[in-house]
Structures are given as structure tokens and as C-alpha cells.
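>>> How does the following fold in three dimensions:
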Amino acid sequence: QPSNEVLIESKGHILQYETGGASSLSSVQLFPLQGYSGKLSSEQISPAVRGVYDWEPETKVVCIEHSTNKGGGTVYSLDELRSIKQECERHNLYVHVDGARIWNALVATGQKPQEIGQIADTLSICFSKGLGAPVGSMLLSS
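Okay, the predicted model is just below:
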């Protein structure tokens, strides 16, 4: 919805390279949080949720990047992902996984695609990164 807010780590790909698209295509604003190596922790979510007052944007989405780009390729453990999902459910927030490098994350962690699908309400994947296709991306949703 217009004027809703997306929480994202300050090094997140969407914040660094696609901010204009988020605002012009979806009319949402991105709210950066300082994480560690491009990763958010579940403990950062609750204090950052806004929308109690009528002058605040309403936080609706938490965006995580798995694996991180500017975070040096770090990945989330399944426990970290589940903890973030649990915190988001507590606040009625959606989880978007920027999975441009999801194939790399799956190989690095041994995680299964189904496990990520249980965490993500939406998941973007890229066929050119990790798979070597010339172009192509997909947005998946629950």
C-alpha cells in the first residue's frame, strides 16, 4: 500500500540499488537498519516497527537478503530465518527474501528451497546469478 514501510538492512541490495523503484512502482519507503555483514537480527525488528501514530508510516514488510551482496556474501542460518519469521508474525509483517543469490545461499548452508519457502511470503530469485543464465528473474509468493 502507498506509504507503507519496508525494514531493510542498510547494505541491502534493494536499498542500495533499487530505492527509486520501490518508491515509484510501489509507493513504499525503505527504512534502513544497521545490521551485521548485511544481515538483520530478529531483535532489531520490534523496536523498528512503526505505525502507532497517524504521522508515521506503517511498517508492513521486512526484507532480508540471502545471501548478502554488500555484506560479503554472508548467509542466514535456518534458526536466524525462523526467528525473524516468528518476530514478523508477532507484528503481522510480511517477509520478503531478496534471493538474487539464493542459489549460492542454498549451496553454502545446505538449506532446502522448501525451508526458505516456509519463511518467505515473497521471494525474488535471479537466474543470471549463480545459474549463469543470460537474463531472467522471478517473483514468487505464498
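>>> Looking at the protein, which helix is longest?
helix 78-90 (DSSP state H).
>>> low-confidence ranges in this structure?
Along the chain, no part satisfies pLDDT under 70.
>>> the strands in it, which residues?
5-9, 29-33, 59-65, 94-99, 122-126, 137-141 (DSSP state E).
>>> elements contacting the last one?
Which is strand 137-141. Other helices and strands packing on strand 137-141, by 3 or more Cβ pairs under 8 Å, 6 or more residues apart in numbering; DSSP states H and E, are strand 122-126. From N, CA and C alone the C-beta is placed, and that goes for glycine too.
>>> just to revisit the earlier point, adding mean neighbour count, write the strands of the chain out as CSV.
Below are the strands of the chain laid out as CSV (neighbours: other Cβ atoms under 10 Å):
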stretch, mean neighbour count
strand 5-9, 24
strand 29-33, 17
strand 59-65, 24
strand 94-99, 23
strand 122-126, 19
strand 137-141, 11
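>>> Identify whichever of the ones you listed lies nearest to residue 82.
strand 94-99 (10.6 Å; Cβ to Cβ).
>>> Give the partner strands of that closest one in its sheet and their orientations.
strand 59-65 (parallel), strand 122-126 (parallel) (DSSP bridges).
>>> I figured residue 120 hits residue 142, correct?
Yes. Assessed by Cβ atoms under 8 Å, residue 120 is found in contact with residue 142 at 7.4 Å.
>>> what do these two both touch?
Counting by Cβ atoms under 8 Å, 6 or more residues apart in numbering, no residue touches both residue 120 and residue 142.
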